[in-house]
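> Make a model of this:
(one chain, ligands or ions: 2)
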Amino acid sequence: MQGHSLQRHLILDYLRNTGEHPTAERIAEALSRGGHAASTSNLYRNLTILVAGGQVRRLSLDDGPDRFDANLDPHYHVTCTRCNRVWDVAIQEGDRCDLALPEGFRPGVWEITVRGICAACARGPHPFES
Ligand SMILES: [Zn+2]
Ligand SMILES: [Zn+2]
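Ligands and ions are numbered 1, 2, ... in the order given. Modelled structure (predicted):
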């Protein structure tokens with residue numbers, strides 16, 4: 001394995017082992033820490049291929065850059081608007097029935113994001129808001 005396919009393998013490996021839902025920038029940092037520095041264009045190209053192939057989800061969780069997720073099981077995202085941490089919450093059978101969808105609507109992709117303040121951030125002053 002070499003070149004693009006190696007990089008895709010490394011990206012997928014990293015995403016499957018982190019719960020962080022990193023941005024492309026964070027992925028680039030992780031690759032370069034592992035001795036596989038990637039140009040931005042190659043990284044985006046490979047992320048696009050992984051997303052198109054259904055191996056990775058591209059998420060817009062906040063106003064920041066897209067994040068990437070290799071957890072393909074149906075799940076909600078809960079994100080803290082202060083520290084930007086993201087948690088995966090499994091969608092339970094029955095959860096979907098509670099949502100009042102328009103009559104006849106056939107849902108395809110479920111993307112539900114809950115934004116708020118996590119317990120750690122709620123306890124203390126925000127480091128940037130002292
Ligand atoms: Zn927080
Ligand atoms: Zn996720």
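> how many neighbours does residue 22 have?
When counting by other CB atoms under 10 Å, one arrives at 20 neighbours for residue 22. To be clear about C-beta, it is placed using only N, CA and C from the backbone, and glycine gets the same treatment.
> if I look at it, how far off is residue 108?
25 Å (CB to CB, to the nearest Å).
> most residues in a single helix of this structure, which one?
helix 3-17 (DSSP state H).
> ok, residues contacting the following helix or strand past that one?
From helix 3-17 onward toward the C-terminus, using DSSP states H and E, the following helix or strand is helix 24-33. For helix 24-33, the surrounding residues in contact (CB atoms under 8 Å, 6 or more residues apart in numbering) are 7, 10-11, 14-15, 18, 20, 22, 37-38, 40, 43-44, 47, 65-66, 68.
> so where's this protein shaky on pLDDT?
Per-residue confidence for the chain (pLDDT under 70) gives these ranges: 1-4, 93-98, 126-130.
> Break it into its domains for me.
Described in terms of automatic domain parsing, the domain architecture of the chain consists of the residue ranges 3-68, 73-123.
> Which stretch among those domains is buried most, on average?
domain 3-68 (a mean of 15; mean count of other CB atoms under 10 Å).
> any bit of that domain sitting next to ligand 1?
No. Contact of domain 3-68 with ligand 1 (CB under 5 Å from the ion) is absent, the minimum separation being 12.2 Å.
> can you list the residues of this protein near ligand 2?
Counting by CB under 5 Å from the ion, the residues of the chain near ligand 2 are 69, 71, 88.
> give me the subset of the residues you listed touching ligand 1.
With CB under 5 Å from the ion as the criterion, no member of these is in contact with ligand 1.
> so which of those would you say is closest to ligand 1?
For the residues of the chain next to ligand 2, the closest approach to ligand 1 (CB to the ion) belongs to residue 88, at 15.5 Å.
> so the closest one sits in a strand?
Yes. Residue 88 sits within a strand when classified using DSSP: H, G, I helix; E, B strand; the rest coil.
> pretty sure it is in contact with residue 76, am I right?
Yes. The pair residue 88 and residue 76 qualifies as a contact (CB atoms under 8 Å) at a distance of 7.5 Å.
> any residues in contact with both of these two?
What both residue 88 and residue 76 touch, as defined by CB under 8 Å, 6+ apart, is an empty set.
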